[in-house]
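Peer 1: Okay, predicted coordinates and the sequence, questions at the end:
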Amino acid sequence: MGKVNNVPGFMPKKARTSFLLFFMLLSVLIAQTAIAQTEVIYVTPPWTGSPSSTVYICEGGSVTVSVQNSTLNHLYKLMITAPFNETLGDLTGTGETISFSPYTFTDAGTFTLFVGDMSDVNPMLTFYVNVVDDPVAPVMAKDPGQAAVCAGTDVSATVTTAGSGGVPACNDIYEYSTNSGSTWSAYTPGTAISTTGLSGTDIVQIRSSRADAEGRG
């Protein structure tokens, strides 16, 4: 997934009328939960003419490189060549798919990796890993802004700061719930949510997140 923000909700308020009203506690949730993603890159020898490829991940994400149809007893090497030189692993071909250990990227930047069959004249296959800043969920403000509302009062939330960061396909996502978070529906910021007939604690919740269609940041 991407990121989610949490803001304190409304506190209960007594009705100032002589008849009974139901009260509800409204909270606006803007979660911030980051899940480190893992990308798997499959390469299949021979690699002559194979184009370079680019993978996007967030800081803290990892990349696993797997060689399909590896040649029996051939030595395969995985390296980073930019912005520094480092051997990430050596594997011996089995005739089947072999996988290097996942490599975790802790800093943003563009990294050049290659994997090659060191026992053959086949060229190295180069690919790039773009490590981008972690996504930041949109910041929202609830309306009305007081700590409590009575049933029948429309509530809403507006965006004060748009989301940012994450992989190129990231989008800001808004959802709301009227049953304490049991189910969620798409929400358009600024849209009024009716509280008529609702009562209880944390009944209405609004949340924002930032992720791509696969739930990645």
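Peer 2: That came through fine.
Peer 1: Could you give the bridge partners of Met140?
Peer 2: Note on Met140: beta-bridge partners by DSSP bridges are Val159.
Peer 1: can you check Met79 too?
Peer 2: Beta-bridge partners, per DSSP bridges, of Met79: Thr87, Phe114.
Peer 1: Look up how far Glu96 lies from it.
Peer 2: As for Met79, its distance to Glu96 is 23 Å (criterion: Cβ to Cβ, to the nearest Å). For every residue, glycine as well, the C-beta is placed using N, CA and C.
Peer 1: okay, these two: which has more neighbours?
Peer 2: The neighbour comparison of Met79 against Glu96 (other Cβ atoms under 10 Å) goes to Met79, with 16 against 10.
Peer 1: my guess is that one meets Asp90, correct?
Peer 2: No: checked against Cβ atoms under 8 Å, the pair Met79 and Asp90 is beyond contact range at 9.8 Å.
Peer 1: So in the chain, which strand runs the longest?
Peer 2: Longest strand in the chain by number of residues, with DSSP state E as the criterion: strand 200-211.
Peer 1: Can you list the strands that it pairs with?
Peer 2: strand 3-4 (antiparallel), strand 23-28 (parallel), strand 171-177 (antiparallel).
Peer 1: Quick check: buried residues in it?
Peer 2: By neighbour count with 16 or more other Cβ atoms under 10 Å, strand 200-211 contains the buried residues 202-211.
Peer 1: Give me the domain ranges for the chain.
Peer 2: 3-34+134-211, 39-132 (automatic domain parsing).
Peer 1: thinking again about what came up before, and which of the buried residues of strand 200-211 is nearest to Thr195?
Peer 2: Val204 (6.2 Å; Cβ to Cβ).
Peer 1: so Thr94 sits right up against Leu72, yeah?
Peer 2: Yes: the pair Thr94 / Leu72 is scored as a contact, 6.5 Å apart, by Cβ under 8 Å.
Peer 1: For the two, indicate the residue with more neighbours.
Peer 2: For Thr94 versus Leu72, neighbours defined as other Cβ under 10 Å are more numerous around Thr94 (13 against 9).
Peer 1: if I pick Asn179, what's in contact with it?
Peer 2: Going by Cβ atoms under 8 Å, 6 or more residues apart in numbering, Asn179 touches Ile203.
Peer 1: what is the mean pLDDT for stretch 177-194?
Peer 2: For stretch 177-194, mean pLDDT rounds to 91.
Peer 1: Might you list the low-confidence residue ranges for the protein?
Peer 2: Within the chain, the segments meeting pLDDT under 70 span 1-37, 46-52, 121-123, 147, 213-217.
Peer 1: if we go to 90?
Peer 2: Low-confidence segments of the chain, defined by pLDDT under 90: 1-63, 65-71, 81-85, 105-110, 112-153, 155, 157, 161-173, 177-181, 195-217.
Peer 1: which of the residues in stretch 152-165 are buried?
Peer 2: Neighbour-count burial for stretch 152-165 flags 153, 155-157, 159, 163, 165 (criterion: 16+ other Cβ under 10 Å).
Peer 1: excluding its backbone neighbours, what's nearest His97?
Peer 2: Check again: residue 97 is Thr, not His. Leaving aside its sequence neighbours, Thr97 sits nearest to Gln68 (Cβ to Cβ, 6 or more residues apart in numbering; 4.9 Å).
Peer 1: do the same with Trp184
Peer 2: Glu175 (4.3 Å).
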